[in-house]
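Trainee: Give me the fold of what follows.
(chains A and B)
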Amino acid sequence: MDVVWFLVLSAFIFVIGAAGVIVRRDPLVILLCLELMLNAGNLALIAFARMHGGQAGQVFALIVMVVAACEVVIGLGIIVAMYRNRLRIDVDEMTELRG
Amino acid sequence: MSATDYGWLVLAFPLAGMLVTSFGWRVLPGRLPGWIASAAIGLAFLAAIGALVQIQDLPADQRSLVDSAWTYAATADLRVDMAILVDPLAVFMCLVVSGVSFLIHVYSVAYMGGDRGYARYFAYLNYFVFSMLLLVLAANFVILIIGWAFVGAASYLLISFWYRRATATYAGIKAFVMNVIGDVGLVIATFLLLNETGTVNFRQVFERAPDAFASNDVTLVFACLLILVGAFAKSAQLPLHTWLPDAMEGPTPVSALIHAATMVTAGVYLIARTHPLFELAPTAADISAIIGTATLLFAATVALVVTDLKRIIAYSTISQIGYMVLGVSVAAYGAGLFHLMTHAFFKALLFMGAGSVIGAMSGIQNIDRMGGFRRAMPFTFITFTCGALALAAFPLTSGFFSKDEILAFTINRGGGYWVLAIVGYVAAALTGFYAFRMVFRVFYGDPVPEARELEEGHLAHHDPANPMTGEAEDTDVGFPGPEHVIAERSRPMKAAMGPLALLALVAGAVQIPGVSDVIENFLEPTFEDSRFRDTAPTEGSEVIGLVVGGLISVAAIAVAFTVYVRRRGISLEWRDRFPAVHRFLEHKWYFDELYDAVFVRPAATAGSFGRRVVETDFVQGFIVGGATGVVRVGTSFARAIQTGFLRGYALLLLLGLAALALYFLIASS
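Mentor: Below you'll find the model as predicted:
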C-alpha cells in the first residue's frame, strides 16, 4: 500500500483530535483528544519508518507512547485536584493565568 | 616584667572583666558581676602601679617605651602597629583613670544594686575603662582614634542606660553626634599629618614635624585646629559642650566616672600628648587657650542659676576642664595634668555625694526641693563639703594648688595671657560661689520632709518620675529600683567616698610651690622637649598667686554663705531685679536655641522638603512611576493575549504550527 493512505488517515485523526481539544470544555475529553493527536503522530512515524525501512521511526513512536503515558498521569492528576477542590470540571473556569 | 608588659596588663584586665560580666550575666548571681568588674579595674590599677615602678627604674631619657603586639594594618608606605606607648604621661593617665574608676566601680556595686540591668551596667563600665586606657596608651594616631571612638560608644551606651527614658536616649544620641563631630576632626587631622610626615606614630610624627613644618605653617595650624575639634568635642568645650549637661541622664556613678573624672579629660590628654605640634603652631595653641578661658567663664556663670543638682556639677566640670585646656594650651602641662588629677578626685566625689542625696530624695534632682540634709546625712555632708572645698580652691585643698598653678603659669606668659588669667580668677570666684550654693542649699536650711523622714530612720519614697520632664518612669528596666541607696547606709559607697574625700583635701601636697614638685618631675621626660620650660613661674609669683586665689575663694564662699544661709531670699531678690540676666543664664547663653536655629531647624526643613517634594513627586512619581509606566504600556499587548483560556492557547499553538508547516511546504516546493 502506498504510504499516502497512512498519512491521510494520520492527518484525519490528528485534525479530529485538534478540533476536539479546541472545542470541548471537559478536560477528560481534551485528554482523550490529545491522545488521538499523539497517536496520529505515531501512525505517521511508523508509516515513514516502514517506507524507509529503518527502525528509528518505530523507536521514536515508542518514546512518544511513554511521553503520552506521562502526560495522561499529569492530566488526570490535575483533574482529580480540580475535583477535590470542588471546582467545576471545565477548562474555561481555569483562567488564573490571564494577564 | 618590663613596663610595656604591665601596660598590656592594664589593658587586659578591664577587657577580661567586660567579657566575663557580659557573657556571664545569666549565671552570675546577685552583686557578683559588680565585684568582678571592680576587681578587674583594681587589678588594672595595680598593673599601672607596676608600670610606674618599672618606668621609674629607667634613666630619665629612656622612659618612653613602645611595644607592638601585631601589625594592625600595612599598606604601601604606611604601617600601623597595634602598639602601646608607655611613658610618664601615659602611666600618669592610667593611674588616674584606673584608680578613680576602681572607686567608682565599688560605689556602683551598691548604688546600682537594685537595678535590673546590673550586669549590663558593669559590662559597659568595664568596656569604658578599657577604651579609655586604650586611648591613653595608644602609640599612634590610629589606635588613639580607635580608643577615642570606643570611648564615645561607651559614653553613648551609658548615657542611654535607662533606655526606656526618652530624654535619656535623646541625650545619648546628642552626645554621640557631638563626639562623632570630634572623631571626624581627629581623623582628618591624622590624615593631614600623615600626608606631611608620612607616619602616624606619635614619636615619629613629633620628630619629623619640625622639619616638615615651618613655625605656624598653615597646614599644621589647620591640623592642630582639627585636633582641637576632637579634643573639644570630647572635653565639652565651647562650642561643642551642649551634650555634657544632657549626659546627666545616665546613672549618677556614670556621671562621676565618664562625664567628670575620666572621659571628658581625654581632650586635655590629647593636647598634652600632641604638645610638640601645638608648640610649632602657637596660633592654634592660643585659640585653644582662648576657647578654654571662654568655656570656663561661660560654664561658671551658667552653674550659678541651674537648679538641677547634677547639672550644676556638670557645668562645673565644663568649667574646670576649661582651666585644664587653658593650662595645657599655655604650655603649663604639668599644672594642667595636675588639675586633671585633683579634679578627677573631687569631681567624682561631688557626683557620689550628689548620688547619695538623690537617693535620699528618691530620684528628685532639683535643689529647690532639697534642704537641711546636714543632720540626716552627716557622712555625705562631710565628704560633699570636702569636694566642694576642693572645687572652690579653698586654701590648702587639692584644687587650690592645681588651679592656681595654671593661672600663675598663664600670667607668667605675659602679654595677652594676662587677660586670660584675670578671666580665670573671675571664674574662680564664681566657682567658689556656686560650689557652696550647692552645699548650703542642699545641706543647710530647714530640713525638707525627705530629710526629716531620714532623721527618723526611714527613707522617703516617691513614685519614680523622670527628673527632667516629671513623667512617670517605666520601672521595668530597673530604674529606680525598689530600694534607694544612700551613702549613710551602704558600706561600698562609703568605702569609695572616704578615700576620695581624703584625696580631695590632701592630694595637693604632691605639688606645693617651694615644697614639693612630684607631678612636674614625674612628667618631665614627656615634656622635656617643650620650648616653654624656662617660662615656668618663679616660686615667689606662684605664692602670690596662691594668696590671691585663696582670698578669692574664701571671699566667694563667704558671699555664698551670706546669700544662702544668713540672708536667705536675697538670691530671689537678685533674680527678680535682673530678670534678663537670669533668663540669659538659665537658657545657658542660648546655645541650644542657637544650634536649633542654625543646624536643627534648617536640617528639619530640608528633610521635610525632601520627604514632601523630592520623595513623593520626584522619586515615587517620576523615577519609580515613570519606569513602571513604560513597562505597563509596553506590556499591554502581551497582556491582552494572555486570556487564561486553555483552549485559546491550544488554538494559537495549532495555528502557529499550521503556519509553520505551510511555510515549509511553500518554501520546499
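Trainee: What parts of chain B come near chain A?
Mentor: Proximity of chain B to chain A, by CB under 8 Å from any CB of the partner chain, involves residues B:635, B:638-647, B:650-651, B:654. No exception for glycine: its C-beta is placed from N, CA and C like everyone else's.
Trainee: Next, the most centrally placed residue in chain A: secondary structure please.
Mentor: The centre of chain A sits closest to A:Leu34, judged by CA atoms, centre = their mean, with a distance of 2.4 Å. In three-state terms, and counting by DSSP: H, G, I helix; E, B strand; the rest coil, A:Leu34 is helix.
Trainee: which non-adjacent residue is nearest it?
Mentor: A:Val21 (6.3 Å; CB to CB, 6 or more residues apart in numbering or on different chains).
Trainee: tell me which element that neighbour is part of?
Mentor: Element membership for A:Val21 (DSSP states H and E) is helix A:3-23.
Trainee: How far away from the center of its chain is that helix?
Mentor: Relative to its chain's centre, helix A:3-23 lies at 11 Å (CA atoms, centre = their mean, to the nearest Å).
Trainee: B:Leu340 is in what secondary structure piece?
Mentor: Counting by DSSP H and E, B:Leu340 is part of helix B:333-360.
Trainee: next SSE after that helix?
Mentor: helix B:378-391.
Trainee: what angle do that following helix and helix B:333-360 make?
Mentor: 150 degrees (axes from the mean of the first three to the mean of the last three CA atoms, to 10 degrees).
Trainee: picking up where we left off before, residues contacting the residue nearest to the centre of chain A?
Mentor: For A:Leu34, the contact set (CB atoms under 8 Å, 6 or more residues apart in numbering or on different chains) comprises A:Gly17, A:Val21, A:Ala68, A:Glu71, A:Gly75.
Trainee: Now list the buried members of those.
Mentor: A:Gly17, A:Val21, A:Ala68, A:Gly75 (16 or more other CB atoms under 10 Å in any protein chain shown).
Trainee: In chain A, where is pLDDT below threshold?
Mentor: The model of chain A has pLDDT under 70 over residues A:99.
Trainee: how about a cut-off of 80?
Mentor: For chain A, the stretches flagged by pLDDT under 80 are A:1, A:87, A:93-99.
Trainee: State which helix of it is the longest.
Mentor: helix A:56-84 (DSSP state H).
Trainee: repeat for chain B
Mentor: helix B:166-197.
Trainee: Tell me the helices and strands packed up against it.
Mentor: In terms of contacts (3 or more CB pairs under 8 Å, 6 or more residues apart in numbering or on different chains; DSSP states H and E), helix B:166-197 is packed against helix B:141-159, helix B:202-212, helix B:218-235, helix B:243-246.
Trainee: Run the chain-centre distance for the longest one.
Mentor: Between the centre of helix B:141-159 and the centre of its host chain there is 10 Å, according to CA atoms, centre = their mean.
Trainee: Now that helix: buried residues?
Mentor: Buried, per 16+ other CB under 10 Å, within helix B:141-159: B:141-152, B:154-159.
Trainee: Now do the SS call for B:Asp81.
Mentor: Applying three-state DSSP: B:Asp81 is strand.
Trainee: so which helix or strand takes in the nearest residue to it once chain neighbours are set aside?
Mentor: Nearest in space to B:Asp81, with sequence neighbours left out and distances taken as CB to CB, 6+ apart, is B:Ser68 at 3.8 Å. Secondary structure assigned from DSSP H and E places B:Ser68 in strand B:65-74.
Trainee: Each with direction, which strands does that strand pair with?
Mentor: strand B:79-86 (antiparallel) (DSSP bridges).
Trainee: could you point out which element follows the partner strand?
Mentor: helix B:88-111.
Trainee: Could I get the CA-only coordinates of that following helix as CSV?
Mentor: Extracted in CSV, the C-alpha atoms of helix B:88-111 (Å, rounded to 0.1, in the frame of the first residue of the first chain):
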residue,chain,number,x,y,z
PRO,B,88,55.3,59.1,82.2
LEU,B,89,52.2,60.8,80.7
ALA,B,90,50.5,57.6,79.7
VAL,B,91,51.3,56.0,83.1
PHE,B,92,50.0,59.1,84.9
MET,B,93,46.8,58.9,82.9
CYS,B,94,46.5,55.2,83.5
LEU,B,95,46.9,55.7,87.2
VAL,B,96,44.3,58.4,87.4
VAL,B,97,41.8,56.6,85.2
SER,B,98,42.1,53.2,86.7
GLY,B,99,42.3,54.5,90.3
VAL,B,100,39.3,56.7,90.1
SER,B,101,37.4,54.1,88.0
PHE,B,102,38.1,51.5,90.7
LEU,B,103,36.5,53.6,93.4
ILE,B,104,33.5,54.4,91.2
HIS,B,105,33.1,50.7,90.4
VAL,B,106,33.0,50.0,94.1
TYR,B,107,30.5,52.8,94.6
SER,B,108,28.3,51.4,91.8
VAL,B,109,28.2,48.0,93.3
ALA,B,110,25.9,49.4,95.9
TYR,B,111,24.4,52.3,94.1
